[in-house]
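Colleague: the following block contains a protein sequence and its predicted model.
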Amino acid sequence: QVQLVESGGRLVQAGGSLRLSCAVSEHTLRDYAMGWFRQAPGKEREFLAAIRLRGGFTLYADSVKGRFTVSRDTAKSTVWLQMHNLKPEDTAVYYCAADSTLGIMTDETSSYMYWGQGTQVTVSS
């Protein structure tokens with residue numbers, strides 16, 4: 001069974017940086033796209049970034065381009081989300097997810113079939 005485990009969330013001051021990790025339990029996901037999403041209280045889940053494990057192709061939401069970077073290490077079965085210049089509005093639970101669909105990556109939540117449990121990021125002003 002596929003398991004995704006996020007880590008790295010914590011309290012950070014505005015302007016700070018944070019790197020989130022997503023450990024993937026299943027090596028057969030190598031053709032998958034791994035996405036990062038977040039959900040703040042009372043808001044819908046929001047797509048942030050995705051990376052194709054094979055090839056490293058990336059996709060970003062316009063709202064985080066230039067501040068967030070997604071990367072992966074296939075040997076370690078790990079995907080990271082590096083976040084810079086964090087703002088209080090970045091406070092949310094951050095999730096990683098896996099999409100088995102080949103071809104163009106998507107920002108659609110419904111396309112991602114496996115999800116982690118989430119990690120809390122809180123940005124203080």
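Modeller: Nice, thanks for sending it over.

Colleague: how many residues are close by the nearest residue to residue 15 once chain neighbours are set aside?
Modeller: Closest residue in space to residue 15, ignoring its immediate chain neighbours: residue 85 at 6.1 Å, by CB to CB, 6 or more residues apart in numbering. For every residue, glycine as well, the C-beta is placed using N, CA and C. Using other CB atoms under 10 Å, residue 85 is surrounded by 12 other residues.

Colleague: so which residue of the protein lies furthest out from the middle?
Modeller: Here the chain reaches farthest from its C-alpha mean at residue 125, the gap being 23.0 Å by CA atoms, centre = their mean.

Colleague: how far away is that one from residue 61?
Modeller: 23 Å (CB to CB, to the nearest Å).

Colleague: related to what we said a few turns ago, nearest spatial neighbour of the residue farthest from the centre of the chain, skipping sequence neighbours?
Modeller: Nearest residue to residue 125 in three dimensions, chain neighbours excluded: residue 88, at 4.8 Å (CB to CB, 6+ apart).

Colleague: now do the SS call for residue 75.
Modeller: coil (DSSP: H, G, I helix; E, B strand; the rest coil).

Colleague: can you get me a residue count around it?
Modeller: Residue 75, neighbours per other CB under 10 Å, totals 7.

Colleague: the one 5 residues further on now?
Modeller: Using other CB under 10 Å as the criterion, residue 80 is surrounded by 20 other residues.

Colleague: how much space separates it from residue 90?
Modeller: 16 Å.

Colleague: same question for residue 5.
Modeller: From residue 5 to residue 90 the distance is 21 Å (CB to CB).

Colleague: pick out whichever of the two has more residues nearby.
Modeller: residue 90 (22 against 14).

Colleague: which non-adjacent residue is nearest that one?
Modeller: Going by CB to CB, 6+ apart, residue 90 has residue 123 as its nearest residue, at 5.0 Å.

Colleague: still on that earlier bit, right, and the residue nearest to residue 125 touches residue 14 too?
Modeller: Yes: assessed by CB atoms under 8 Å, residue 88 is found in contact with residue 14 at 5.9 Å.
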